[in-house]
Structures are given as structure tokens and as C-alpha cells.
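Engineer: task: produce atomic coordinates for the following.
(chains A and B)
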2 protein chains.
Amino acid sequence: MQTKYQLDEKEIPKKWYNIMADLPNKPQPGLHPGTKQPLGPEDLAPLFPMALIEQEVSLEKYIDIPEEILDILTMWRPTPLFRAHRLEKAIGTKSKIYYKYEGVSPAGSHKPNTAVAQAYYNKKEGVKRLTTETGAGQWGSSLAMAGSILGLDVKVYMVKVSYEQKPYRRALMQAWGADVLASPSNQTQSGRSILEKSPDSQGSLGIAISEAVEEAAQNPEAKYALGSVLNHVLLHQTIIGEECIKQMAMTPDYPDVVIASAGGGSNFAGIAFPYLREKIAGKDIRVVAVEPTACPTLTKGEFSYDFGDTVGLTPMVKMYTLGHEFMPAGIHAGGLRYHGMAPIVSQLFHDNLIEAVSLEQAKIFEGAAVFAKAEGIIPAPESAHAVQGAIEEAKKYDAEGQSKTILFNLSGHGHFDMSAYTQYFTGNLEDSTLSEIKLKESLSSLPKV
Amino acid sequence: MQTKYQLDEKEIPKKWYNIMADLPNKPQPGLHPGTKQPLGPEDLAPLFPMALIEQEVSLEKYIDIPEEILDILTMWRPTPLFRAHRLEKAIGTKSKIYYKYEGVSPAGSHKPNTAVAQAYYNKKEGVKRLTTETGAGQWGSSLAMAGSILGLDVKVYMVKVSYEQKPYRRALMQAWGADVLASPSNQTQSGRSILEKSPDSQGSLGIAISEAVEEAAQNPEAKYALGSVLNHVLLHQTIIGEECIKQMAMTPDYPDVVIASAGGGSNFAGIAFPYLREKIAGKDIRVVAVEPTACPTLTKGEFSYDFGDTVGLTPMVKMYTLGHEFMPAGIHAGGLRYHGMAPIVSQLFHDNLIEAVSLEQAKIFEGAAVFAKAEGIIPAPESAHAVQGAIEEAKKYDAEGQSKTILFNLSGHGHFDMSAYTQYFTGNLEDSTLSEIKLKESLSSLPKV
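Structural biologist: Got it, this is the predicted structure:
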């Protein structure tokens, strides 16, 4: 009874898949926040190296992964694919459940797939320092790791409340040599102006983005790195799905349903895009994004132009959004608390190529606990959305008397999220109910284009 | 430039190596704590299943690993072997450094190698519940994981001070369905008698062992499991070294020095015993155990009969010991704070087949930080002893103008030890100096046999 499907290192995919080439409808262009005109490469040049800007707008179907990037990725890639025999038994389903496990990376999630690529291209173009923001710390620690391996300084603006509440994630970034600041900081104009108005500000991802972008824009040696949403970030994650396709070919099965959690959209894109290539080519596959009910971007948002950050300094992109002023409940899946969704993922949803469901926080911890006991791996709260999504799909098929093959992306482990499990086990999970009134208010403030 | 040497799953070793068959001098037998007579299998039967007792006393050179155990181990095994190119560059050595990485197991260390085996044999002999003790929680969480996969109840007596200070490790055990109690508890006579005398007792590993042993001895459905020291535990870890030998054969090199940290001796045995087989057969290999200066069992202990626990309830074994009353400073490498050393490892040291060095806590965090930045993996404080041991060997050879091949065991990651890193980065590591006076006192209380 085979459980693990391990691809030989020589079989690692050598190309990223660019779904832009195959999309029936391309996403609308990003707009300059001031002029509201479509963005050109020159608008992005202060923030990103040219190679990444080219990837951002490329329509080439495949893009070669440089050997130097593969050298680093093979520290932990190819990642394993597992058949969840024990989970199937625990929930009593007739369906077959497979999962791809990205938690084997040194940072514990899929994020290093793009962190390494971004650090590589920046280094190659002479950049000395990368700036970024981080909330819970998964992205910041992945970039810190990539920077430390490639010899780039990394400066992380960490949302102050997380900086104080999550000293272990902070220590992880410091262990990889990153400079970690509590945001708002007094090192940027954005930070100082916030602190002037609210000296006790606990910060927000929006403020931290503003600080990181400001520093990169003003310093010729520094560039900015983002962990999700952008086309090139999603592109770098497709190595996940390309590996899956090879690994599923080692099994007797082919997925009927592909499932991933969706925050900004990068781990979802990673596993889903290569399968969407097959779906667009005619394969009968369902592709499901799972989001928290506390931040239901696809399931309750509007398909509209909106800012990427809270304060409205970034370009506007056409996406599903809850409004850039939307503040979700403080759920533990910090990586899924983003008001928007990657433009490509949004377009796919708009065109009915993918589905979306939203799940309650208590429900996803229930699924995570069943999974941990059965499979031995503790899911990150973000990834637990995919776990519970898979469990619910299996049960739905059982109720219909059908047996299907379900594949999901276990994007990371929960080693740094055990306080959330403690709250769950002691019955102390905080209420994460969505305020429909606040959502309505936030949606009403969407910018007019 | 190859960095990772990944063994195909089909190549996983199918036999454990039992070094007892090859030892020039066998360890002295364990003695009954009351009668001081050599222990027989009947003395161990209340605590361990017969299959493990047989392994404990076996002189067979190889013992087959049951298919069912391999099925579970292959969830994460074979584990990778890495060439530490980036570390070599960072420290500027001419030697080649390789490391075996055991942190890829779901519990994050080598401990599940024996936890799974012990749970399997217990389950097979009809045991319903395993009891054990845990300090920092690495062993407790590994047994919890094994129990959850194999369908055995696991009850962990966790030293009270750790129970309170390490809620995340506790949550990890609970996620795997274990029943975790603060020790001393009121569920055993041992616990109650301690609490009567000292209601505020913070507990100790010795007390927790007494509680776990008492419950197993009195309950026909329960047995006891230990995470190190015993022959059968060391045996189960030899899969590490057997994999290493196959993986090193994929490189152009052969180790001149094999290094591991040593607490009770199990991760050391894991990588070292298969190489000691080759050394005993004539190969020129140095084998080095690294321990903390705060608990220098091999480097400053006496080779003497002593109790395995603090209160003197367990059998007496002939080993290097600091005295069963020795209380080391509260270093972060909790897994290395044991007063004794596995009898086999002790015998090997006594017979000059292995060497030992001790390192300061501040020094091992220095090495861990260099390693983390270079290699991208955060070592557990225990494993950091092996890291720094390897760095110092490399520098020593450099000073002598020699270039050697160094192999060490990175027994686990430090995801649950980030508070220790925080203390290191902020200059707040506590003093871990050994009190020579207390050591002398403790050694003077060794039992007379």
C-alpha cells in the first residue's frame, strides 16, 4: 500500500508554467494609482528587477527555471506527494485523497519557491537589499532564508502587533540574518506620519507595505519583494503543480478535484494552474479555492479595480476584493487575511474556470485535528482550509454515492502556530464571524475608475 | 555542484544493525535496584513487550525491520544527506562537511525512528496504552505521533516546569491525541508522595519517569516507552547510519570523522554505530560525541553503576554518569541534560573506540547561527552541538594544514526552540557554567555495588 510518491531529483520540473498564455480572457491591466493609466514597465522599475517585470507581463507559455535557482530549490524539492490512506479511513470516505506537502522547505511553507527566485533575479541585477512586509511572518522568514543563501540583505517591516506577539517568527528571520523592524517604524516617511497621528499604532499589513515600498523606491540599491498576488509570484509557484502532475502519473489515479486554500492566491496558483492548463485543454477537473468565512474574497467580494494596500499607494488592479479598507477578524490563518485576490485567480473565478468555498475557523481546526492524528503532520491554519475543503468534498461525494480522486495542497506546517491549536483544544478560539455591515461599508468605498 | 544526496525509497535499509554482536567488550548487565542481581527478562516484562526485551538482549548482528514499520518510516525516510558547501565557504575550511538531516520527520527529530518501532511492537502484543515521560517534549511528541498513527493511547508525564513553559510542545502532543499531564501529578503514588512533601514541586525528569513506570507496572493494559539509553532504542536509530553509508557511497568521499551530539546516546548511536562496525573491521574513522559543558557525562563523569532516574527506582546500569542526583544548569538543549549515558556508548568510550568533547552553550548557538544562515536550516539546540563540533574539527584540520571529510548528524530542527534563539540574539542566554563542587558532591553519592 504505497503512501508516498517521491519524484527523483532529476525529474524536477525545469520550466515554470505561465497560465497567461492559455487564459481565454486575460486580466485587465494594472492602473497607476495617480494617473489611473495602464502601468508600464517603467512604473515598476524602481521596485522590481527587469527580469521579474518581464515575467510579470510575459505571454510565453513556459519560462525556463535557471539552474542556480534549481540548485537551491533541490535542498527540499521535489516535495513529496502522499496518498492519505489514514485520513480516508478516519473519515470513512470511499474517495481517494492525495496531498502535496510543501511544509518540507526550511521555512516550512511554499513561500520559498518564489522567495529564492526573486532573490536570485535581484542579486543578478546588482541589488544589494530587499525590503518587504510581513504579517504573521511566513513570507518574511522565507525571504530572509533566500537572502541569507544568496547573499542579499533583507529588511522586513513586520506588523507591530505580530512583532510583539510572534517573537519566534521574528527570531527565525533574525537567525537567517534579516533586519526586522516593527511597523510603523520611524525609518520611513510613511511610518513617521502614522506614528505622529497614532503613537500607539499596532500597525497593519497595508502600512508595512507602504514602508517597504517607500524604502525600495527611494534607495537605488534596494528593491521590493512581494510574496503573493503578482503574476510572477504565481508563476514561480507552478513548480508545485508541475511536480504533482508527474507524481500523480506514478499513481493509478488522476484528480477529479484539485483543492487549495486561497489568500493572495499563490499556493492555490501553484497547484492549480498546471491542472487548469489540462482543464482548458479539455480535461474534466474541478478546481476549488478555499477561503475563510472571515475574509471571503472570492465568495463575497466584488470583481472590481482596487488598491493592493490599505492606504491606497499601490497600483490598482482588477480583482475580487472586499474593499481595501476591509479589516477581517483576527483569525489564525494570517496568510488568508488579505482583502484582495491575485488578478489571474480573480479572472479565472470570473470566467467560471474555478470554484470557491468559504469555511469557518472552528471547522478548519476540526479538520486539522483529524488530519494531524491520521497523517502525523500538523497543518498550518492556512493549509487547514485545504484539508477541511478536501474532507468536505469527500463527504459530499460519499453522500451522492460517488467515489472520486481528490488532490489538495498542504502548503505548510503549523509548528509556529501551536498557540492557535492550544486555543482550539481549550475551547478558546475567538469569534471570527464576518460583519456583513462592515463588509458593505468597505465595498462601498471601492475606488471609481 | 551536488548538494543533496537523496536515497530512493526502495533503497531504505531493511535491517537494524546491532553493534552488540561486534563489541570487543560487552557492557555489564543491568542490576535489579533492590536485589542488585543481574536483570532477567522477567524483570522487564511488566514494562516492555517481549519483542523489545528480546532486542534489548540480542546478540544477532542484524535484526529485520518489519514491513509495517518501514511503511510508516517512509512517510519521511530516507532522510536527505547534504554536502554543506555553503557552510564550508562561510567558515573558510578546506575540509568537506556532510550532514544527515533527521528534522524532516513530522515531529522534527530522529526520535520517531524508535517511537514508531516501539509503538508497533507494543500494539502487536496487545498493549492498549503507552506511558512515558518527557522534558522539553521532543520524545513525548514523537511517541504521541507514533501512537496516533498506530492506534495506541499515549499518556505523557511532562515535567511541570516544561508543561507550563512550553505550551506549544504540549499542544503538539495533544494534536496527536496524547493525554498530557503535568508531573508530579496526583494520578500515581510517586506523584502524590512528592506533592505531599512539596505541593509546589516543579517536577523533574526523574519524577516523571517514576510516574510513567509506576502506571505501566500496575496496569496490565499499559507498557512503558523510553526514548534513549536502552539497547533496543539505540538499535532502532541505526537506520540513520545505514542510510548514511549508502548515501556517502553516492558522493566521491568517505568520512574521516563522524560527529553527533550525545545526551542519552540515541542520535549518536544512530549515525555512529554503522560506522563503528566499519571501524572495528579496520577502517580508519574517528567517531566523536559532543556534549554540553553543563552536562559533561562522558568528559567528566565516572564509569560506574548508577540508577537511570533521579529517585533510584530503575535498574542500575554500568555507564558514564555524573551521579543520579546531578542537576545540570537549565541549558536549552534539554535533550542533553541527562546525568547518564547509554551503556553501549559508555562501553565504547571506555574502550577508546569513540572520543568525546564538551562545548559551551554560547558557542553552540554561535555555530547554529552560522549554520542557519549558510544552510537555511535552524538546528535544534541539541543538534547544534554536532554542528559546532563539526565546525571546530574543520578548523582544527585547517590549522594543521589537512583537508578531511567530516560527517555529522543534524538530529532535529529548532522550530520549537526559537525562544532560545531569541535569548541568544538579544544577549540573554543564561549562565550555564558547571559547578565543580556540585558535580563532586553528586559523584560521591554514586551507589555502591
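
Engineer: can you tell me the closest non-neighbouring residue to the residue positioned nearest the centre of chain A?
Structural biologist: Central residue of chain A (Cα atoms, centre = their mean): residue A:266, 3.8 Å from the mean position. Closest residue to residue A:266 apart from its sequence neighbours, by Cβ to Cβ, 6 or more residues apart in numbering or on different chains: residue A:228 at 4.1 Å. All C-beta atoms are positioned from the backbone trio N, CA, C, and that covers glycine.

Engineer: neighbours around the one you found, how many?
Structural biologist: 24 (other Cβ atoms under 10 Å in any protein chain shown).

Engineer: most distant residue from the middle of chain A?
Structural biologist: Chain A, Cα atoms, centre = their mean, max distance from centroid: residue A:401 (33.8 Å).

Engineer: sec struct for the residue of the stretch 51-200 of chain A found nearest chain B, please.
Structural biologist: With Cβ to the nearest Cβ, the shortest gap between the stretch 51-200 of chain A and chain B falls at residue A:168, namely 3.5 Å. With DSSP: H, G, I helix; E, B strand; the rest coil as the basis, the three-state label of residue A:168 is helix.

Engineer: and the pLDDT at the closest residue to it other than its chain neighbours?
Structural biologist: Excluding the flanking residues, the one nearest residue A:168 by Cβ to Cβ, 6+ apart is residue B:418, at 3.5 Å. pLDDT, residue B:418: 90.

Engineer: same question, the one 3 residues further on
Structural biologist: You'll see residue B:421 listed with a pLDDT of 93.

Engineer: ok, how many other residues are close to it?
Structural biologist: When neighbours are counted by other Cβ under 10 Å, residue B:421 registers 27.

Engineer: who are the neighbours in contact with it?
Structural biologist: Shown in contact with residue B:421 (Cβ atoms under 8 Å, 6 or more residues apart in numbering or on different chains): A:171-172, A:174-175, B:365, B:368-369, B:378, B:414.

Engineer: ok, now residue A:296?
Structural biologist: A:322, A:358, A:434.

Engineer: can you do 7 Å?
Structural biologist: By Cβ atoms under 7 Å, 6 or more residues apart in numbering or on different chains, the residues touching residue A:296 are A:358, A:434.

Engineer: where in chain A is the helix or strand with the lowest mean pLDDT?
Structural biologist: helix A:160-165 (a mean of 86; mean pLDDT, DSSP states H and E).

Engineer: and that helix, anywhere near chain B?
Structural biologist: No. Using Cβ under 7 Å from any Cβ of the partner chain, helix A:160-165 stays clear of chain B, coming no nearer than 12.2 Å.

Engineer: tell me which other helices or strands that helix touches.
Structural biologist: Contact analysis of helix A:160-165 by 3 or more Cβ pairs under 7 Å, 6 or more residues apart in numbering or on different chains; DSSP states H and E lists strand A:179-183 as its packing neighbours.

Engineer: coming back round to it: hmm, who's touching the least confident helix or strand of chain A?
Structural biologist: Helix A:160-165 is touched from outside by A:135-137, A:170, A:182-184, A:201-203, with contacts defined as Cβ under 7 Å, 6+ apart.

Engineer: format those residues as CSV; extra columns: pLDDT.
Structural biologist: What follows is these, written out as CSV (pLDDT from 0 to 100):
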residue, pLDDT
A:135, 83
A:136, 81
A:137, 89
A:170, 90
A:182, 96
A:183, 94
A:184, 94
A:201, 88
A:202, 87
A:203, 87
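
Engineer: correct me if wrong: residue A:225 contacts residue A:120.
Structural biologist: No. Residue A:225 lies out of contact with residue A:120 (Cβ atoms under 7 Å); the separation is 11.3 Å.
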